[in-house]
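Undergrad: what's the 3D shape of this:
(4 chains)
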Amino acid sequence: MNDIDLVRDILDTQVLDREKRALGKVDGVGLELRDGAPPRVAYLEIGAVTAWARLGPRFARWATRLASRWQGEAHPYRFPWSRVRDFGIDIEIDADAERAPPLDLERWLRDKVVKRIPGGQ
Amino acid sequence: MKKILGIALGVVTSIGGFLDVGSIATSAQAGAAFGYSLLWAVLLGTICVIFLVEMSGRFSIVSGHTITAAVRKRFGFAGFILPFAAALLVNLLVLASEIGGVCVALQLLTGIGFQVWAIPVAMALWLLLWLATFDVVEDGTALLGLVTLCFVVAVFKLGAQPGELAAGLVPSLPAQERAHYLFLAVSVIGATIAPYLFLFYSSGAIEDKWDKSWITANRVIATSGMSFGALIAMAVMVVAALTLKPQGIRVEEYEQAALMLVPALGGWGFYLFIASLAIACFGAALELSLATAYAAAQAFGWNWGENLKPRAAARFSMTYTVFIALSALIVLSGLNPMKLTLFSMAITAVILPLTVMPFLVLMNDRRYMGSHVNSRFSNVVVTLIVVLSAILAIIAIPLEIIGSR
Amino acid sequence: MSRVIALERYVGKPVRDADGAEIGHLHEVRVRAEAGELVVSEYLVGGTGLLERFSLAGLARQIALVLGVRHSAGYVVPWDAMEFPEDEAARCTRRAADLERFSAVPPEKR
Amino acid sequence: MIRSDYDATSHAGVAGYPTALSPTVRASALLASRAMLRIAAALILAAIAACGDRHEQELRSAASWSKTALVVARYWTEGQVPGTYARRALEKASQELAKGPLPDAAEPVDELRAAVERGDRDTARRLLQELSAR
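TA: Below you'll find the model as predicted:
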């Protein structure tokens, strides 16, 4: 089965790291259009801004503005297809959730908020 | 053997967990105002919820996805965000009604106003989730929920006539007060078909790692659990019809509903009503808070799980924390708990198509369900009930607002 | 020279053919795994669009599909016949008549 | 050539997706639409009646609250419900009656509440007899 339906099988699919921890969903697909050669998938993308931008230009502007106010310029997390280890109901890539950018908010909430509330350790 | 235990637990927890502030408030008001004649609404809602719960279990077993994740995958981010936002908003109103229900039970018991209890109840709810011992807590509250069987005991003690009960199961339209009748009908249906019920059930099936051997067990749990649960909701209506209606007492406040068990069970009746209201609402609030955090995690791709320590799922635990806080604020604002409950149930009926139809499309998609797709009959039954209740609700809510102001 | 587009923004959006007529919505991009890379082989532009932008009309069509009233069909557009202009709808360089049709029988895969 | 899973040519009754509207669905759709018409008609009538109903509804609500007060007081005198609940329920009843079409019905309810507050069951029983005699 080397035929894959990008929209049905990959777009909006759950992405996990090596230890099956959740990284996010495939919010976008970067397609490289080449002259005289079929387009190739340059990267898969995880990012709240990418997801909200799919609703339309207005949402794209709001999401970018909101994200940039929060963590400087918002840059989605991109990874090439070659880093995909397993692909089925979920997509597993060789990344470590502890350092992966899509989990910045998760780590910030954990360290700044959850750890400070009793019972949150 | 483990499966039989699993089925037994499944059935018992769905009986205990079925009743919530919505079913108690709507059934009590319907029974006091129209006697048995709205029993058909509970029946209709129950038929639909049995189909939906069975389907959601089968869906997770066969496809390995939860419903929320699959709706996003199937319809894309743009397609999934509208029903998701609508369900989130309704969940907030329903959670506020559930917390309000617990606060009102404490008000009945102590005479201290329900708003005073909003913060303590919300804190207790949040703490149980925060200390992540949820599966023990969920089963515990559901088992305690069996106290609601006192309504069934009262029905036998009051000697309800089966013949008259059966008459109430046939849809009818009374001569006068039709607007209020229809409003109560959709509120009862909205209370019975609570979307979070089947979304939560599908997440549970994934967490308990049900495999294909569970398909029949799933059908047993869905059918018997929901049917027994519905019997209790009907019992509430019958008791109200037998004790409040004859005395001309209508249920506009919980103070009036609290009287209904006294004729059958004496002094115990008053305290059993309070216990039923408090436990049923608390259990439902727990489940609803977790279901909402599940939905957000499954939608945006975070870690999720019943017993995840907050440290391991910060966004997940922050979601239910913020959600509980917002609901507590609604209760604090002093909105009349009974009115808030009824309108939340009616609004649930309005947005039913938005939450149920995408799921129905998934149930007919061979890529997810293979040979276990839906039968044409279940598609038509669920579609008719859901679409009809939404249309009725869209008509009934404005009429109720004109009528009651 | 080559250009990278955000494909997700074109999915579920209308596609026009060489004559400028709308022939449906982009609802699938069929790719092949070649030397560790995913390369596009064709695009599927659906009639009712399986991945319709979720509007009430789309919901109604989906319900109709569920109740077996209508089934969706559409066109197969080879990779070299599709263009993605900067901020316009995707465009197919051929006329609808020249395109191969397909009827959406959901594959039994997986 | 299209892969076998996407059948490019045949449009005949494709498995699982029949083109014609199946009889059961057409029948139920017809039934549903006729039922819908009847309900819609009933509701338009209900809308017109709803305004007239409001006064009737207020009367019904006032009757319900005065009945509630009597029942609460009776149960309290029989020790079936605690005083904290009875006091609050009677207070609520008198507020509702005061707002309603028969404001002077609130006055006896206040007397009952005062009796409950004093824990004086005899006075409450006497008041109840007087009220049910009236």
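
Undergrad: From now on I want contacts and neighbour counts done on CA atoms only, so please keep to that.
TA: OK.

Undergrad: Quick check: which ranges of the chain have low pLDDT?
TA: Going with chain A. A:1, A:72-74, A:120-121 (pLDDT under 70).

Undergrad: actually it's chain D I care about, not the one you picked
TA: D:1-53, D:134.

Undergrad: For chain A, which residues are neighbours of chain C?
TA: A:2-8, A:11, A:27-36, A:38-42, A:53-54, A:81-82 (CA under 8 Å from any CA of the partner chain).

Undergrad: Return a PyMOL selection command for the buried portion of the residues you listed.
TA: Those of the residues of chain A next to chain C that count as buried under 16 or more other CA atoms under 10 Å in any protein chain shown are selected in PyMOL with:
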select buried, chain A and resi 4+5+6+7+8+11+27+28+29+30+31+32+33+38+39+40+41+42+53+54+81
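
Undergrad: Restricted to strands, list the residues of chain A next to chain C.
TA: Within these, residues falling in strands by DSSP state E are A:3-5, A:28-34, A:38-42.

Undergrad: Out of the residues you listed, which comes closest to residue D:121?
TA: Nearest to residue D:121 among those, counting by CA to CA, is residue A:28 at 74.0 Å.

Undergrad: which one is the closest one nearest to, not counting chain neighbours?
TA: residue A:45 (4.8 Å; CA to CA, 6 or more residues apart in numbering or on different chains).

Undergrad: Using CSV, list the CA coordinates for stretch B:42-58.
TA: The C-alpha coordinates for stretch B:42-58 follow below in CSV (Å, rounded to 0.1, in the frame of the first residue of the first chain):
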residue,chain,number,x,y,z
VAL,B,42,-38.5,10.3,28.2
LEU,B,43,-39.2,7.2,26.1
LEU,B,44,-38.3,8.9,22.8
GLY,B,45,-35.2,10.4,24.3
THR,B,46,-34.1,7.1,25.8
ILE,B,47,-34.6,5.2,22.5
CYS,B,48,-32.4,7.8,20.8
VAL,B,49,-29.7,7.7,23.5
ILE,B,50,-29.6,3.9,23.5
PHE,B,51,-28.8,4.0,19.8
LEU,B,52,-26.3,6.8,20.2
VAL,B,53,-24.5,5.2,23.2
GLU,B,54,-24.4,1.8,21.5
MET,B,55,-23.0,3.4,18.3
SER,B,56,-20.4,5.4,20.2
GLY,B,57,-19.1,2.2,21.9
ARG,B,58,-19.1,0.3,18.6
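
Undergrad: I would like the residues contacting that stretch, please.
TA: If you take CA atoms under 8 Å, 6 or more residues apart in numbering or on different chains as the criterion, stretch B:42-58 is touched by B:67, B:169, B:188-190, B:192-194, B:197-199, B:201-202, B:205, B:215, B:218-219, B:222-223, B:226-227, B:230, B:233-234, B:363, B:372, B:378, B:381-382, B:385-386.

Undergrad: Okay, and the beta partners of the residue positioned nearest the centre of chain A?
TA: Nearest to the mean C-alpha position of chain A, by CA atoms, centre = their mean, lies residue A:46 at 1.4 Å. Residues in a beta bridge with residue A:46, per DSSP bridges, are residue A:77.

Undergrad: in terms of contact, does it touch residue A:102 like I think?
TA: Yes - between residue A:46 and residue A:102 there is a contact under CA atoms under 8 Å: 6.8 Å.

Undergrad: ok so, going back, the contacts of stretch B:42-58, buried ones only, as a ChimeraX selection?
TA: A single ChimeraX command is used to select the members of these judged buried by 16+ other CA under 10 Å:
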select /B:67,169,188,189,190,192,193,194,197,198,199,201,202,205,215,218,219,222,223,226,227,230,233,234,363,372,382,385,386
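
Undergrad: how close does residue B:354 sit to chain D?
TA: Residue B:354 is 20 Å from chain D, where distance means CA to the nearest CA, to the nearest Å.

Undergrad: do the same with residue B:10
TA: 33 Å.

Undergrad: Name the nearest residue to that residue, sequence neighbours excluded.
TA: residue B:221 (5.8 Å).

Undergrad: burial measure for the one you found, as a count.
TA: 25 (other CA atoms under 10 Å in any protein chain shown).

Undergrad: quick revisit: please report the distance of the residue nearest to residue A:28 from residue A:84.
TA: 13 Å (CA to CA, to the nearest Å).

Undergrad: Can you tell me the closest non-neighbouring residue to residue A:41?
TA: Spatial nearest neighbour of residue A:41, excluding adjacent residues (CA to CA, 6+ apart): residue A:31 at 4.7 Å.

Undergrad: Contacts only, for the one you found.
TA: Counted by CA under 8 Å, 6+ apart, residue A:31 has contacts A:39, A:40, A:41, A:42, A:43, C:4, C:5, C:6, C:7.

Undergrad: Verify the stated contact: the first one with residue A:30.
TA: No - applying CA under 8 Å, one finds residue A:39 not in contact with residue A:30, separated by 10.2 Å.

Undergrad: Would you pull up the residue in chain A closest to chain B?
TA: residue A:24 (4.2 Å; CA to the nearest CA).

Undergrad: Would you map the helices across the chain?
TA: You didn't pick a chain, so chain A it is. For chain A, the helices defined by DSSP state H cover A:48-53, A:57-71, A:104-112.

Undergrad: hm, I was asking about chain C
TA: C:56-66.

Undergrad: Can you find the helix or strand of it with the lowest average pLDDT?
TA: Every helix and strand in chain C was compared by mean pLDDT, DSSP states H and E; the lowest is helix C:56-66, with a mean of 55.

Undergrad: ok, now which ones touch the residue nearest to residue B:10?
TA: B:7, B:8, B:10, B:11, B:14.

Undergrad: Going by neighbour count, which residues in whichever strand or helix holds residue D:85 are buried?
TA: Per DSSP states H and E, residue D:85 falls inside helix D:83-99. Going by neighbour count (16+ other CA under 10 Å), the buried part of helix D:83-99 is D:83-98.

Undergrad: now do stretch B:28-35
TA: B:28, B:29, B:30, B:31, B:32, B:33, B:34, B:35.

Undergrad: wait, what's in contact with residue C:26?
TA: Taking CA under 8 Å, 6+ apart as the test, what residue C:26 contacts is C:10, C:11, C:12, C:13, C:14, C:15, C:43, C:44, C:45, C:46, C:49.

Undergrad: What segments of chain D are helices?
TA: Under DSSP H, chain D gives helices at D:23-77, D:83-99, D:106-118, D:121-133.

Undergrad: Next, see if the second one gets close to chain B.
TA: Yes - between helix D:83-99 and chain B, judged by CA under 8 Å from any CA, the touching residues are D:84, D:85, D:88, D:89.

Undergrad: for that helix, packing partners?
TA: With contacts taken as 3 or more CA pairs under 8 Å, 6 or more residues apart in numbering or on different chains; DSSP states H and E, helix D:83-99 sits against helix B:67-110, helix B:254-257, helix D:23-77, helix D:106-118.

Undergrad: Pull the residues that contact that helix.
TA: So helix D:83-99 is contacted by B:108-111, B:255-256, D:62, D:65-66, D:68-69, D:72-73, D:76, D:103-107, D:109-110, D:112-113, D:116-117, D:119 (CA under 8 Å, 6+ apart).

Undergrad: ok and it relative to helix D:106-118, angle-wise?
TA: 160 degrees (axes from the mean of the first three to the mean of the last three CA atoms, to 10 degrees).

Undergrad: hang on, residue B:49 is in a helix, isn't it?
TA: Yes - remark: residue B:49 belongs to a helix, assigned using DSSP: H, G, I helix; E, B strand; the rest coil.

Undergrad: who in chain C is up against chain A?
TA: Neighbours of chain A within chain C, by CA under 8 Å from any CA: C:1-9, C:11, C:27-33, C:36-41, C:79-80.
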